[in-house]
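1. predicted coordinates and the sequence they were generated for:
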Amino acid sequence: MGIILKGYLQLMRPANLPTAAADILAGITIILYLQNLDVITFLGEQGGDVFILVFSSVALYAGGVVFNDVFDAELDAVERPERAIPSGRVPKRKAIYFGTVLMLIGIALAFKCTLLSGLISVMLTIAILAYDGYFKQFGFAGPLNMGICRGLNLLLGMSILGSLSHWYISLVPVVYIFAITLISRGEVHGNNKKHIVWAGILYAIVVLSIALIVMQQKDNLLVLLPFLLLFGFLIYSPLIKAYKENSPKNIKKAVMGGVLSLVVMNACWVAGFSNWYLALAVLLLLPISMLLSKLFAVT
């Protein structure tokens, strides 16, 4: 029973799930500031909607990575035989049922929040399945599709009031995830220095964009700066190491660092659009992710 349960947990990539929650918290913080609403007051009055959207996003993310393994079952049997489906711990048919239930739960929870949230959750589900089942195999379209998924997830958080403004902010995580997905192209065989260089350039665009957007909207750079510096350190350190020693092991660490640092990127948004202590609360999701990453695979 324990082995079976562990197989289902492995399918969901538990270490990645806090990053989905952090997207929602960042999106909510951004939209509340733009609508001149206080975050603490909103949490006291409509905290239930916040939890609903967080769990919706987590369920959709978990369902997405389950279907990623479903579509990759034959390839994983060769390249990653230790994964849940090729190892036989979770039959492929049951994995399909499991992923479907998770996604339906995510969509239902989103519609319970607002109509706009529900519609975005449907778009997100389509984008996730499009990546898992088709676009992942294409050079440019795959990373772009994955980035769109993360951008939609930020928009899901921003939809909590039932309307969207400054939607362009969601383009920043699109660029960021595009960079991470580029790096991951060498995870099995290595030899992806060109992708790493491009990822480094895209990372710089992301860091600069966060700073410029915050300065334009709130001029809260002093509060943002410590979080932004931490973000830059965490993403560039493994990336530089992977460039110097372009091995699958180092590339995997660079990918893992990029994925887990999504929490830090979202803490940057919260610091920029709210205050340091709420950003610190979001940042506390990082040690949870790091702990889970020692028990379960991130990629």
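-> Thanks, I have it.
2. in this protein, where is pLDDT below threshold?
-> 1-4, 186-191, 299 (pLDDT under 70).
3. can you pull out the helices in it?
-> Taking DSSP state H, the helices of the chain run over residues 2-12, 17-34, 39-71, 73-79, 92-113, 115-133, 141-158, 171-184, 193-217, 221-244, 248-260, 262-273, 276-283, 285-293.
4. make a markdown table out of those helices and add mean neighbour count and distance to I85.
-> Backbone N, C-alpha and C define where each C-beta goes, glycine included. Converted to a markdown table, those look like this (neighbours: other CB atoms under 10 Å; distance: least, CB to CB, whole Å):
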| stretch | mean neighbour count | distance to I85 |
| --- | --- | --- |
| helix 2-12 | 16 | 8 |
| helix 17-34 | 25 | 19 |
| helix 39-71 | 20 | 5 |
| helix 73-79 | 13 | 5 |
| helix 92-113 | 18 | 5 |
| helix 115-133 | 20 | 13 |
| helix 141-158 | 25 | 20 |
| helix 171-184 | 23 | 19 |
| helix 193-217 | 17 | 27 |
| helix 221-244 | 18 | 28 |
| helix 248-260 | 21 | 20 |
| helix 262-273 | 28 | 25 |
| helix 276-283 | 18 | 33 |
| helix 285-293 | 17 | 20 |
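5. could those go into JSON lines alongside distance to L164?
-> JSON lines is the format used below for the helices of the chain (distance: least, CB to CB, whole Å):
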{"stretch": "helix 2-12", "distance to L164": "29"}
{"stretch": "helix 17-34", "distance to L164": "8"}
{"stretch": "helix 39-71", "distance to L164": "14"}
{"stretch": "helix 73-79", "distance to L164": "37"}
{"stretch": "helix 92-113", "distance to L164": "14"}
{"stretch": "helix 115-133", "distance to L164": "7"}
{"stretch": "helix 141-158", "distance to L164": "6"}
{"stretch": "helix 171-184", "distance to L164": "13"}
{"stretch": "helix 193-217", "distance to L164": "15"}
{"stretch": "helix 221-244", "distance to L164": "23"}
{"stretch": "helix 248-260", "distance to L164": "26"}
{"stretch": "helix 262-273", "distance to L164": "15"}
{"stretch": "helix 276-283", "distance to L164": "21"}
{"stretch": "helix 285-293", "distance to L164": "24"}
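6. not counting sequence-adjacent ones, nearest residue to W276?
-> V223 (5.2 Å; CB to CB, 6 or more residues apart in numbering).
7. quick one: that neighbour and A271 touch, right?
-> Yes - the criterion here is CB atoms under 8 Å, and V223 meets it with A271 at 5.1 Å.
8. need the residues touching each of the two.
-> Counting by CB atoms under 8 Å, 6 or more residues apart in numbering, the common neighbours of V223 and A271 are A279.
9. wait, L228 touches S209, no?
-> No - using CB under 8 Å, L228 is not in contact with S209; the gap is 10.9 Å.
10. give me phi/psi at D219?
-> phi 60, psi 50 (degrees, to the nearest 10).
11. typo on my end, it should be L37
-> Torsion angles, degrees, to the nearest 10, at L37: phi -110, psi 140.
12. gap between it and V197?
-> 42 Å (CB to CB, to the nearest Å).
13. related to what we said a few turns ago, for P86, which of the helices of the chain is the nearest?
-> Closest approach to P86 among the helices of the chain (CB to CB): helix 73-79, 4.0 Å.
14. ok, residues contacting that closest one?
-> Residues contacting helix 73-79 (CB under 8 Å, 6+ apart): D69, R83, I85, P86, K92, V188.
15. nearest to M146 among these?
-> Taking the contacts of helix 73-79 together and measuring to M146 by CB to CB, the closest member is D69, at 15.2 Å.
16. isn't the closest one up against I96?
-> No - if you go by CB under 8 Å, D69 and I96 don't touch, sitting 10.3 Å apart.
17. ok, C113 - contacts?
-> Applying CB under 8 Å, 6+ apart, the residues near C113 are D49, I52, L53, S56, S159, I160.
18. between these, which sits nearest C149?
-> Nearest member of the contacts of C113 to C149, counting by CB to CB, is S56, at 14.1 Å.
19. do I have it right that that closest one meets I120?
-> No - S56 lies out of contact with I120 (CB under 8 Å); the separation is 9.8 Å.
20. ok so, going back, show me what contacts the residue nearest to W276?
-> So V223 contacts A271, G272, N275, W276, A279 (CB under 8 Å, 6+ apart).
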